[in-house]
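sequence and predicted structure are below.
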Amino acid sequence: MRRPPSPPSRLWGVLFKTLTGLAAFAVVAMVAVILTHLVMHGWHSLSWAFLTEPPSNANTEGGICPAIIGTFALVLLMTVAGVPFGVLTAIYLQEYAPPGSRALHLIRLAVQNLAGVPSIVFGLFGLGFFVQFSGGTLDRLFHGGELHWGQPAIVWAALTLAVMTLPTVIVATEEALRAVPQGYREAAYALGATRWQMVRHVLIPQSMGGILTGTILAISRGAGEVAPILFTGAAYSLPDLPRRLTDQFMELGYHVYVLATQSPDVDATEPILYATVLVLLGLTFTLNFTAILIRARIRKRLRGMRG
């Protein structure tokens with residue numbers, strides 16, 4: 001028979017529960033205060049014209065349409081470039097790499113180190129490797145040295161963010177693969193499936209919720225990063241939308257940085273600044289919510305299949 005906890009144990013339990021509850025409340029309160037402050041200062045500047053017109057007069061007038069489209073395109077390209085590569089890496093680490101091998105240890109060490117690199121370093125890496133080396137090589141091979149790819153562009157900014165968010169996708173996917181019961185693998189092998197067939201038809205569908213969780217986290221981080229795109233593609237002010245992979249682009253996070261630090265008229269810029277932050281948060285929440293809905297539908301379908 002289990003003995004009831006002693007009074008000191010109950011006291012420590014209540015104290016710990018109170019402290020953790022207060023910590024959680026403090027986090028929620030801080031988020032609420034920040035959102036309230038942004039809404040109070042930026043709501044009155046939001047309008048249809050603000051969302052559909054380009055900026056004008058040194059970014060103190062006009063709208064932010066190019067920045068909205070540029071942010072959406074950047075996140076989309078980043079997701080397409082980074083998520084499949086991260087998922088494939090996680091599958092190799094979990095299912096194909098020999099346990100305890102030196103290669104497995106080195107890859108995991110590289111992923112851990114990559115997760116700890118500051119974002120500004122990724123920006124310098126993107127400038128040196130993608131813009132100057134990769135872009136310059138493409139120009140020399142296909143354009144006779146004429147400048148096309150060897151300059152800041154949306155494709156290089158997206159690839160830089162994809163490299164930065166790789167650890168998030170890899171770790172989330174590995175955890176999802178690890179959570180699939182071993183019996184599923186053994187049942188697939190018993191039915192004569194190869195390892196690739198087992199991965200394709202069993203592991204990936206069963207772990208899709210975790211893969212989408214990693215994608216959501218990657219989108220959240222990539223949409224708000226500024227340092228990696230400072231040197232790789234973001235522009236101060238552009239009235240046109242990016243139409244090619246080699247075009248520069250406006251981005252909401254970088255636009256906020258420009259408004260906050262380089263505006264010639266602070267008083268005229270402040271309402272636009274708060275409204276731009278609200279739009280950035282709204283776009284990030286929308287992308288996350290869409291991914292969450294997709295994940296929920298996939299999990300519901302999987303539960304129906306199991307039932």
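Great, that's in hand.

give the buried residues for stretch 64-84.
64-68, 70-75, 77-79, 81-83 (16 or more other C-beta atoms under 10 Å). Heads up, the C-betas are built off the backbone N, CA and C, glycines and all.

repeat that for stretch 40-55.
Those would be 41, 42, 46, 50, 53, 54, 55, for stretch 40-55 by 16+ other C-beta under 10 Å.

among the residues you listed, which two are most distant?
With C-beta to C-beta as the measure, no two of the buried residues of stretch 40-55 lie farther apart than 41 and 54, at 23.0 Å.

for the stretch 1-150 of the chain, which spans come out with low pLDDT?
1-7, 58 (pLDDT under 70).

where exactly do the helices run in it?
7-42, 48-52, 65-91, 102-115, 119-125, 136-142 (DSSP state H, counting those that start in this stretch).

nearest to residue 154, of those helices?
Among the helices of the stretch 1-150 of the chain, helix 65-91 sits nearest to residue 154 (C-beta to C-beta), with 6.2 Å.

the closest one: how far from the chain's middle?
8 Å (C-alpha atoms, centre = their mean, to the nearest Å).

and that helix, what other elements does it pack with?
Applying 3 or more C-beta pairs under 8 Å, 6 or more residues apart in numbering; DSSP states H and E, we find helix 65-91 packed against helix 48-52, helix 154-179, helix 208-224, helix 252-261, helix 266-306.

next, the angle from that helix to helix 208-224.
Angle of helix 65-91 versus helix 208-224, following axes from the mean of the first three to the mean of the last three C-alpha atoms, to 10 degrees, is 140 degrees.

between the helices and strands packed on helix 65-91, which one is nearest to residue 189?
Comparing the helices and strands packed on helix 65-91 by C-beta to C-beta, helix 154-179 comes nearest, at 15.9 Å.

and the angle for the closest one with helix 102-115?
Using the same axes, to 10 degrees: helix 154-179 against helix 102-115 is 120 degrees.

what's helix 154-179 packed up against?
Right, helix 154-179 is packed against helix 65-91, helix 102-115, helix 119-125, helix 208-224 by 3+ C-beta pairs under 8 Å, 6+ apart.

tabulate these in JSON lines, adding columns for distance to residue 32.
As requested, the helices and strands packed on helix 154-179 are exported to JSON lines (distance: least, C-beta to C-beta, whole Å):
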{"stretch": "helix 65-91", "distance to residue 32": "25"}
{"stretch": "helix 102-115", "distance to residue 32": "29"}
{"stretch": "helix 119-125", "distance to residue 32": "27"}
{"stretch": "helix 208-224", "distance to residue 32": "19"}
